[in-house]
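Novice: With the input below, show me the fold.
(2 chains)
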Protein chains: 2
Amino acid sequence: MDFIEKLSSIRKRNKSLLCVGLDPDRDRIPRFLLKERDPLLAFNKEIVESTKDLVCAYKLNLAFYLEEPKSLERTRDLIPSHIPVILDAKCGDIGNTARVYARIYFELMGFDAVTLNPYMGFDAISPFFEYRERFIFLLCLTSNPSVDDFQTAEGSIYLRVAKKASEWNKLGNCGLVVGATRTEYLPQIRSVAPKLIFLIPGVGAQGGKLNSVMRFAADPRGEKIIINSSRGVIYASSNPDFSQAARREAERLRGEINSLRPKEISDNNSGKSV
Amino acid sequence: MDFIEKLSSIRKRNKSLLCVGLDPDRDRIPRFLLKERDPLLAFNKEIVESTKDLVCAYKLNLAFYLEEPKSLERTRDLIPSHIPVILDAKCGDIGNTARVYARIYFELMGFDAVTLNPYMGFDAISPFFEYRERFIFLLCLTSNPSVDDFQTAEGSIYLRVAKKASEWNKLGNCGLVVGATRTEYLPQIRSVAPKLIFLIPGVGAQGGKLNSVMRFAADPRGEKIIINSSRGVIYASSNPDFSQAARREAERLRGEINSLRPKEISDNNSGKSV
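Specialist: Got it, this is the predicted structure:
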């Protein structure tokens, strides 16, 4: 099943546009887990168990697994295969090297989607496009404060990325990362890329406003978006009941997102397209 | 010893501005090495042994070690500590995550320098700047064909990166990656960033012209540059004498670079600054 089919199916099944970011940090996970053989895996396992009926995807940030690459692969393997898993790699290198990354992330590690940095242009991305059944999210507008250094500066690179991504989306396997913190840019991005799926970080810990996101980034059906929360969900509590706290926060967030979708759609949770 | 001191010292000792890229690929290294316990390491070991008196740095491209992370650390460890080692990671992520990358690449793995992608702006880079004795090369103008998709498009992001990097270079630990394939942009980059060290890929296999690089990217002393060659050197031959062929090619390239430096300087190999 390709990424889009998986996403469409799980979204309906779980009535959810919420992606949970599995970014485990040894300094932040509950201390009693540190005695486990693979603490990051043990943490992720509990989070996944308690949220897998509430999400439309999981996102794994590569940086949190650099010291423990086995935990990355084990986490990917423990997530049920019907839930799409996005590797937040933000990589971007020339063709030669991009091919190596694409093979490892898609073929060897089996991720359904990957985030990529567009700075080097198309030939840093094209080897990923060749995997028709997988998916690429190109960084467009990120959720961090210094987004104005380059992305929104003169020349509006963020808009150029959105336009180029629309052109490159011939196989329907390209989307954008669009942060929730600078909502004033959302209408313009959606207008130049009406068909692309937006992966939206920055809600929660980073302060992005959910109602603006639903109003300006979602398509008219309240779709074409995946809203990610990492720290807000996984660190909802550091007590032994952390996974139940994560579940409550995921449920709350899923509900809040759904409450902001057009009423006639969210009521019956229909929607043929993603 | 910090990166700049190491670079300055080895440059004089080896009379070299050449960086060799250790990008070992199982499909390209001599086949007899595949029976070794760690073929990538065995390959790198021979290349380093035969070139360590000819280079001013080594560059390791992270992508080639993703499947075998141990080979990356072992290679880093086998390079003599007086030669600076650059990790070509091209990463770029927000503060939280950048901090993790910085700690791993600089503290745990002990690299002297790292390449970073500037797309996300300053706060994706700042945790790296805090390591005063290490060094950062920001992608400015890359050597791949699709450099025009974003970097040189309207708004000239490549120039903005060069300007910002000059501003951010308060501790003297920031340089730029400037590809050798589009030499028409070199004079402008050098003029807005007169003091920055340029790491220059794209000579050799990618077709960049060395005389234009020396003329437009180097400073008036023929310095402030590190010229990288990867495939051209390490795959000079696939025969059992591959390391000797690599040595010959590195020696040739070092000589060609030096022959293009201002005569009075290259003759006595002086130069107090880098």
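Novice: near chain B, which residues of the stretch 101-250 of chain A show up?
Specialist: Within the stretch 101-250 of chain A, the positions near chain B by C-beta under 8 Å from any C-beta of the partner chain are A:101, A:104, A:108, A:117-124, A:139, A:142-151, A:153-157, A:160-161, A:164. (Each C-beta comes from the backbone N, C-alpha and C, glycine too.)
Novice: Let me know the outermost residue of chain A.
Specialist: Within chain A, the residue lying farthest from the chain centre (C-alpha atoms, centre = their mean) is A:Lys35, at 29.9 Å.
Novice: So in chain A, which helix runs the longest?
Specialist: helix A:242-259 (DSSP state H).
Novice: For the residue in chain A that chain B sits nearest to, which residues are in contact?
Specialist: Among all residues of chain A, A:Gly155 sits closest to chain B, at 1.3 Å; criterion: C-beta to the nearest C-beta. A:Gly155 makes contact with B:153-157, according to C-beta atoms under 8 Å, 6 or more residues apart in numbering or on different chains.
Novice: again, only using 6 Å
Specialist: By C-beta atoms under 6 Å, 6 or more residues apart in numbering or on different chains, A:Gly155 lies in contact with B:154-155.
Novice: Return the per-residue confidence for it.
Specialist: Here the pLDDT value assigned to A:Gly155 is 89.
Novice: again with A:Gly271
Specialist: We have a pLDDT of 43 for A:Gly271.
Novice: Same check on the one 3 residues further on?
Specialist: At A:Val274, the pLDDT value in this model is 52.
Novice: Hmm, A:Thr75 is touching A:Asn44, no?
Specialist: Yes - when contacts are counted by C-beta atoms under 6 Å, A:Thr75 is listed as touching A:Asn44 (4.6 Å).
Novice: where in the stretch 101-250 of chain A is pLDDT low?
Specialist: In the predicted model of the stretch 101-250 of chain A, residues A:205-208 satisfy pLDDT under 70.
Novice: Now do the strands in it.
Specialist: Here the stretch 101-250 of chain A has its strands, by DSSP state E, counting those that start in this stretch, at A:113-116, A:135-141, A:174-178, A:198-200, A:225-229.
Novice: what's the shortest one in contact with?
Specialist: The one in question is strand A:198-200. The contact list for strand A:198-200 (C-beta under 6 Å, 6+ apart) reads A:137, A:176-178, A:180, A:213, A:217, A:225-227.
Novice: wait, what's in contact with A:Arg37?
Specialist: By C-beta under 6 Å, 6+ apart, no residues touch A:Arg37.
Novice: for A:Leu66, same thing?
Specialist: Per C-beta under 6 Å, 6+ apart, neighbours of A:Leu66: B:Ile104.
Novice: measure it to B:Tyr131 for me?
Specialist: 17 Å (C-beta to C-beta, to the nearest Å).
Novice: Please apply the same query to A:Arg31.
Specialist: 29 Å.
Novice: Between these two, tell me which one has more neighbours.
Specialist: B:Tyr131 (21 against 11; other C-beta atoms under 10 Å in any protein chain shown).
Novice: Is it correct that the more buried one is in contact with B:Phe106?
Specialist: Yes - B:Tyr131 lies in contact with B:Phe106 (C-beta under 6 Å); the separation is 5.0 Å.
Novice: can you give me the helices in chain A?
Specialist: Counting by DSSP H, one finds helices in chain A at the ranges A:3-14, A:39-51, A:69-78, A:95-102, A:126-129, A:157-168, A:186-192, A:210-216, A:231-234, A:242-259, A:263-268.
Novice: Show residues contacting the second one.
Specialist: With contact meaning C-beta under 6 Å, 6+ apart, helix A:39-51 is reached by A:20, A:22, A:24, A:29, A:33, A:36, A:68, A:71, A:74-75, A:78-79, A:234, A:243, A:246-247, A:250.
Novice: Next, the angle from it to helix A:3-14.
Specialist: Using axes from the mean of the first three to the mean of the last three C-alpha atoms, to 10 degrees, the inter-axis angle of helix A:39-51 relative to helix A:3-14 is 60 degrees.
Novice: Let's see helix A:39-51 as PDB, backbone CA atoms only.
Specialist: This file holds the C-alpha atoms of helix A:39-51, laid out as PDB (Å, rounded to 0.1, in the frame of the first residue of the first chain):
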ATOM      1  CA  PRO A  39      15.300   2.900  26.800                       C
ATOM      2  CA  LEU A  40      14.300   4.900  23.700                       C
ATOM      3  CA  LEU A  41      12.500   1.900  22.300                       C
ATOM      4  CA  ALA A  42      10.800   1.100  25.600                       C
ATOM      5  CA  PHE A  43       9.500   4.700  25.700                       C
ATOM      6  CA  ASN A  44       8.300   4.700  22.100                       C
ATOM      7  CA  LYS A  45       6.700   1.400  22.500                       C
ATOM      8  CA  GLU A  46       4.500   2.600  25.300                       C
ATOM      9  CA  ILE A  47       3.600   5.800  23.500                       C
ATOM     10  CA  VAL A  48       2.700   4.000  20.300                       C
ATOM     11  CA  GLU A  49       0.600   1.400  22.200                       C
ATOM     12  CA  SER A  50      -1.400   4.200  23.900                       C
ATOM     13  CA  THR A  51      -1.800   6.400  20.800                       C
END
